[in-house]
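[1] Show me the folded form of this:
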Amino acid sequence: MKKNSFLFIILLASINPNFAQVDIAAGMGISFVYAPSLNSYLEMRADDGVNPFLSTAEFFGEIDYAISEKYQIGFEYVYTLFDFASSYAGNYSLSYNHHKPSVLGYYVISGNGYKFKFGFGTGLRIINLTEDISIKESYDVIGIGFLIKAQAHTKLGDKFYANIGSSLRTDFTGNPTNKFGSFHDSININSISISVNLGISYFF
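    The predicted structure follows:
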């Protein structure tokens, strides 16, 4: 315990107050997800086949703290929505909500009216999946994910900035389950994805 407290004090002491700054960002975008196990499963239930990259809607919020002129640490929360429907077995649907909280570290390049961030991070991945084949069933799973991310911010006025960003993620969530068992035996939601987001930032 004393060792952890000592390391925490060193971390605080290393933060240069001249560069202390908080960035807040929020927005939305689209993500293209490659999930081979889930794709193979949906392919058997699709009317016209399944695109290898599934498109999902994505919403995000982020807060970052500058520990020096060139480096920031941050936390982001990303919420992804996916829906699939077909006429299989009369009326079939599958949807999931994917929660992606992550801790990030950034390298920062900034100037008058702009800021670029390049970083990586990791965090928990939580999926709530619902499937309806005449009977609706829900499944859940918790895993881990990793990402690399780039952001560009350009000044709109005062402390407000427009931002555009892109992330490459790999998420290991495994096979969802409920109290009755697993989701169709070996079907997992492991994925690789790339996303593009637009949003608004506030620096203070």
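[2] what's next to the helix or strand hosting Ala162, contact-wise?
    Following DSSP states H and E, one finds Ala162 within strand 160-172. Strand 160-172 has contacts (Cβ atoms under 8 Å, 6 or more residues apart in numbering) with 25, 27, 29, 98, 100, 115, 125, 143-156, 189-203. (C-beta placed from N, C-alpha, C; glycine too.)
[3] quick one: the strand or helix carrying His98 to chain centroid distance?
    Using DSSP H and E, the element containing His98 is strand 92-111. Here strand 92-111 shows a centroid-to-chain-centroid distance of 2 Å under the convention Cα atoms, centre = their mean, to the nearest Å.
[4] Following the chain past that strand, name the next helix or strand.
    strand 114-133.
[5] Can you list the strands that that following strand pairs with?
    The pairing partners recorded for strand 114-133 under DSSP bridges are strand 92-111 (antiparallel), strand 135-157 (antiparallel).
[6] Show me which residues of that strand are buried.
    By neighbour count with 16 or more other Cβ atoms under 10 Å, strand 114-133 contains the buried residues Lys115, Lys117, Gly119, Gly121, Gly123, Arg125, Ile127, Leu129, Glu131.
[7] Quick one: mean pLDDT for that strand?
    Mean pLDDT, strand 114-133: 96.
[8] What are the contacting residues of the one helix or strand Glu58 maps to?
    Assigned by DSSP H and E, Glu58 belongs to strand 54-66. Residues outside strand 54-66 that contact it (Cβ under 8 Å, 6+ apart): 19-35, 38-39, 72-82, 84, 98, 104, 106, 108, 117, 193, 195, 197, 199.
[9] got it, and stretch 123-135?
    Contacts for stretch 123-135 (Cβ under 8 Å, 6+ apart): 88-103, 136-145, 171-173, 176, 183, 189.
[10] Worst mean pLDDT across the helices and strands of the protein, which element?
    In the chain, no helix or strand scores lower on mean pLDDT, DSSP states H and E than helix 2-14, which sits at a mean of 46.
[11] mind listing what the very next helix or strand once past it pairs with, with the direction of each?
    Scanning forward in sequence from helix 2-14 by DSSP H and E, the next helix or strand is strand 22-34. Its sheet considered, strand 22-34 pairs with strand 54-66 (antiparallel), strand 191-203 (antiparallel) by DSSP bridges.
[12] What mean pLDDT does the first one get?
    Right, strand 54-66. Mean predicted lDDT for strand 54-66 stands at 96.
[13] pLDDT weak spots in the protein?
    Scanning the chain for pLDDT under 70 picks out 1-20.
[14] is it true that His184 lies in a strand?
    No: secondary structure of His184 (DSSP: H, G, I helix; E, B strand; the rest coil): coil, not part of a strand.
[15] any idea how far the nearest residue to it once chain neighbours are set aside is from Phe32?
    Using Cβ to Cβ, 6 or more residues apart in numbering and skipping residues adjacent in sequence, the residue nearest His184 is Tyr41, 6.5 Å away. Distance of Tyr41 to Phe32, computed by Cβ to Cβ, to the nearest Å: 18 Å.
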